[in-house]
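>>> Here is the input, now give the coordinates:
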Amino acid sequence: MRWHVAILYFLLRLTGRLPLRVLHGAGATLGWLLWLLPNPLRRKAVQTLSHVRTQFGTKSSHEILKLALTETGKGALELCKIWSGNPQAALELVREVRGGELFDAALGSGRGLIIAAPHLGCWELLNFWLCSRTSIAIAYRPPRRPEIEPLLIRARGALAAEQVRADGAAGVRALFKRLLAGGVVGILPDQQPKAGEGEFAPFFGTPALTMVLLSRLAQRTGAIVLFAFAERLPRGAGYRIHIRPAPEKIADPDLPEAVAALNCGVEECVRIAPAQYQWAYKRYSIRPQ
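Numbering: from 1, shown residues only. So this is what the prediction gives:
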């Protein structure tokens, strides 16, 4: 670990000693500043929400923007607590698990299990929870700055999932092999593929380029697909794990039907906690011709 990354990790662990409610309070202030002042995160979130054609109850896109940036600030500072070097202490912040019986039944089936974890809530805590229950491999893209990777490995500790690069044939074969053996694989279902890859499917009423890997894995291996996320509770009270069944057609042989079902599954999760979705992610940056 390079010296400046080591200093960053030391500061992260030091800050992680603060109570979660303090970190979330400071994060909310940071998020308020992100909403108030011009900045790249705010611009990206505005752009993404401008494509959303579905309302979240009585809240307008403007209200969701403010709430989402507040939650973004909380998410940034809560990593100090989650990555404080003690995954077991982080797991004590899980106050409730909804749908845990679905997870247990899928593990017991021996069919293989795909966990679809959207950019929603605290996915690093979700990783710890999954790793505490079973061995899991996660399809990932390496960080843009390679020197940060040792920090991630150290921060995730003994409960780090096996990381499989899914941007090449070898990584995809590794995921297939694990599922066929009845193992567990985690995938970010709303990660935008590269131009020329994937299929366009509706996402909150607007076509979005959507990955096909998850549906193909499910179709060819017969693995069960479950959606999961860790919802951030108010006032630093902890987290609630949600495990939800996937829409029926997620493994449909008709690929457009399958990716549409995938996006529908993400939407159903986001509707539970819309402000905690990462709206600053450029979900619609690649448009159909």
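>>> I'd like the mean pLDDT over the host helix or strand of residue 80, please.
Assigned by DSSP states H and E, residue 80 falls within helix 61-82. Here helix 61-82 scores 93 as its mean pLDDT.
>>> Show me the helices in the stretch 151-289 of the chain, by range?
Secondary structure of the stretch 151-289 of the chain by DSSP state H, counting those that start in this stretch: the helices cover 169-180, 213-221, 255-272.
>>> Now mean pLDDT, distance to residue 230 and mean neighbour count too, for those helices, in CSV please.
C-beta: built from backbone N, CA, C; applies to glycine. Below are these laid out as CSV (pLDDT from 0 to 100; distance: least, C-beta to C-beta, whole Å; neighbours: other C-beta atoms under 10 Å):
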stretch, mean pLDDT, distance to residue 230, mean neighbour count
helix 169-180, 91, 23, 16
helix 213-221, 96, 20, 21
helix 255-272, 97, 11, 20
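>>> what would these look like in a markdown table with distance to residue 137?
Converted to a markdown table, those look like this (distance: least, C-beta to C-beta, whole Å):
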| stretch | distance to residue 137 |
| --- | --- |
| helix 169-180 | 5 |
| helix 213-221 | 12 |
| helix 255-272 | 19 |
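>>> out of those, which comes closest to residue 92?
Residue 92 lies closest to helix 255-272 among these, at 22.8 Å (C-beta to C-beta).
>>> for that closest one, the distance to its chain's centre please.
Counting by C-alpha atoms, centre = their mean, to the nearest Å, helix 255-272 is centred 14 Å from the centre of its parent chain.
>>> Show me what that helix is packed against.
strand 113-116, strand 199-203, strand 206-210, helix 213-221, strand 224-232, strand 239-245 (3 or more C-beta pairs under 8 Å, 6 or more residues apart in numbering; DSSP states H and E).
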